[in-house]
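Peer 1: quick one: sequence and predicted model below, then my questions.
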Amino acid sequence: MDNELFDYSPIVERAPLRWPGGARVAFYVGLNVEHYQVDRPSTSIFPGTAALAPDPLNYGWRDYGPRVGIWRVIEVLDRHGIRASALLNSDVVGRNPQIIAAGLQRNWAWLVHGKNNSIFQADMSVDEERACLADVVATIERATGRRPRGWMGPALTETFQTPRLLAELGLDYVLDWTNDDQPYHLSVPGVLSVPYSVELNDNTLFLGKATSGPEFVRIVRDQLDQLYAESADSGRVMALALHPFVIGQAFRIKYLDQALDYVATHPGVWLTTSDEIAEHYAGASALAESARSEDDRVT
């Protein structure tokens, strides 16, 4: 079947995108704040035991994130004045309330990341998905005191109905479609796609490609340098995806510090959240559409 969620739009044919304060690159950290079930296989560092239940090796590795790794990451983010865009499993709310409290103190953006990262979003019926989404959104709203605006599916999974169901709940952007360096409108009214990355992602780089710490710093620098060069005429988005059980390891954390120091001190970079990117783009799009309508009326 053909994709009906969005149209093809080459970046070289779009109207210029402007960020606040004359910034050229909007940068945000997508911090995965996740819960994993002990009796289901999931992201693993050693496939040999991944099908076992329980699987102390891989479960323990993942559980290092909320127990230790995230607190190192928070310290580094604080040092560079970066607020996280927290991709939050709703199961974290009841199990790791200290993380929620830390994010509230820092005014993080809170995005819905499903119930947990052991249950994917795909293959649900419409009624099952509607009930699931309503539950996770309400859970996060109660815990954070605000209704979440953004969504990223567990393992970036959706059904064909997910964006429409999210819109019914008042959400207005998704991160799942990692195919652009700028936001764009989906065919579901009022819903945007905001850039995220499966390449500039600690899980992919360190686990999938055996990237070293110094190589990670170089990759982050190279990404920013290229996007900055391309943004002379139109703004770009740079998303850095982090998982506390990966980047939060003791021997890696200094490389996150080095990478973020380069980003945070680079001219023309807006240190922001995915919420603020979506809000600014939606507002700019509405103004542009209003101007076009006025021109059409006059002519």
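Peer 2: Yep, it's here.
Peer 1: need the residues that contact stretch 87-95.
Peer 2: 30-35, 66, 99-100, 110-117, 135-136, 139-140, 142-143, 148, 152, 154, 175 (CB atoms under 8 Å, 6 or more residues apart in numbering). Any C-beta I mention is one placed from the backbone N, CA and C, and that applies to glycine too.
Peer 1: drop anything exposed from those.
Peer 2: By neighbour count, with 16 or more other CB atoms under 10 Å, the contacts of stretch 87-95 hold 30-35, 66, 99-100, 110-117, 136, 139-140, 143, 148, 152, 154, 175 as buried.
Peer 1: out of these, name the ones that lie in helices.
Peer 2: Of these, the ones assigned to helices by DSSP state H are 99, 100, 136, 139, 140, 143.
Peer 1: got a list of what the first one touches?
Peer 2: For residue 99, the contacting residues are 33, 66, 70, 92, by CB under 8 Å, 6+ apart.
Peer 1: can you lay out these as JSON lines showing pLDDT and distance to residue 166?
Peer 2: As requested, the contacts of residue 99 are arranged in JSON lines below (pLDDT from 0 to 100; distance: CB to CB, whole Å):
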{"residue": "33", "pLDDT": "98", "distance to residue 166": "19"}
{"residue": "66", "pLDDT": "98", "distance to residue 166": "26"}
{"residue": "70", "pLDDT": "99", "distance to residue 166": "26"}
{"residue": "92", "pLDDT": "98", "distance to residue 166": "19"}
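Peer 1: could you identify the most distant pair in these?
Peer 2: Taking CB to CB as the measure, the contacts of residue 99 span a maximum distance of 10.3 Å, between 70 and 92.
Peer 1: which strands border the strand ranked longest in the chain, and is each parallel or antiparallel?
Peer 2: Within the chain, and with DSSP state E defining each element, the longest strand by residue count is strand 25-33. The strands beside strand 25-33 in its sheet (DSSP bridges) come out as strand 84-88 (parallel), strand 236-242 (parallel), strand 269-271 (parallel).
Peer 1: need the winner for burial among these.
Peer 2: strand 84-88 (a mean of 28; mean count of other CB atoms under 10 Å).
Peer 1: so for that one, mean pLDDT?
Peer 2: Throughout strand 84-88, pLDDT has a mean value of 99.
Peer 1: put the alpha carbons of that strand into PDB.
Peer 2: Taking C-alpha atoms only, strand 84-88 is exported to PDB below (Å, rounded to 0.1, in the frame of the first residue of the first chain):
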ATOM      1  CA  ALA A  84      15.700  16.900  28.500                       C
ATOM      2  CA  SER A  85      12.900  15.900  26.300                       C
ATOM      3  CA  ALA A  86      11.900  12.800  28.300                       C
ATOM      4  CA  LEU A  87      10.600   9.900  26.300                       C
ATOM      5  CA  LEU A  88       8.600   8.400  29.200                       C
END
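Peer 1: now the element after that strand, going C-ward?
Peer 2: Elements were assigned by DSSP states H and E; along the chain past strand 84-88, the next helix or strand is helix 91-95.
Peer 1: buried sites along that next one?
Peer 2: Quick answer for helix 91-95 (16+ other CB under 10 Å): 91, 92, 93.
Peer 1: what sits against the nearest residue to residue 23 once chain neighbours are set aside?
Peer 2: Of all residues not flanking residue 23 in the chain, residue 270 sits nearest, at 3.7 Å (CB to CB, 6 or more residues apart in numbering). Taking CB under 8 Å, 6+ apart as the criterion, residue 270 is in contact with 19, 20, 21, 23, 25, 26, 27.
Peer 1: if we go to 6 Å?
Peer 2: Residue 270 makes contact with 19, 23, 26, according to CB atoms under 6 Å, 6 or more residues apart in numbering.
Peer 1: burial measure for the residue lying closest to residue 204 once chain neighbours are set aside, as a count.
Peer 2: Leaving aside its sequence neighbours, residue 204 sits nearest to residue 198 (CB to CB, 6+ apart; 5.8 Å). Residues lying near residue 198 (other CB atoms under 10 Å) number 12.
Peer 1: again, but for the one 10 residues further on
Peer 2: For residue 208, the neighbour count with other CB under 10 Å is 11.
Peer 1: ok, residue 147 next?
Peer 2: Neighbours around residue 147, by other CB under 10 Å: 14.
Peer 1: with residue 170 instead?
Peer 2: Residues near residue 170, counting by other CB under 10 Å: 12.
Peer 1: for residue 50, see how far away it is.
Peer 2: For residue 170, the distance to residue 50 (CB to CB, to the nearest Å) stands at 37 Å.
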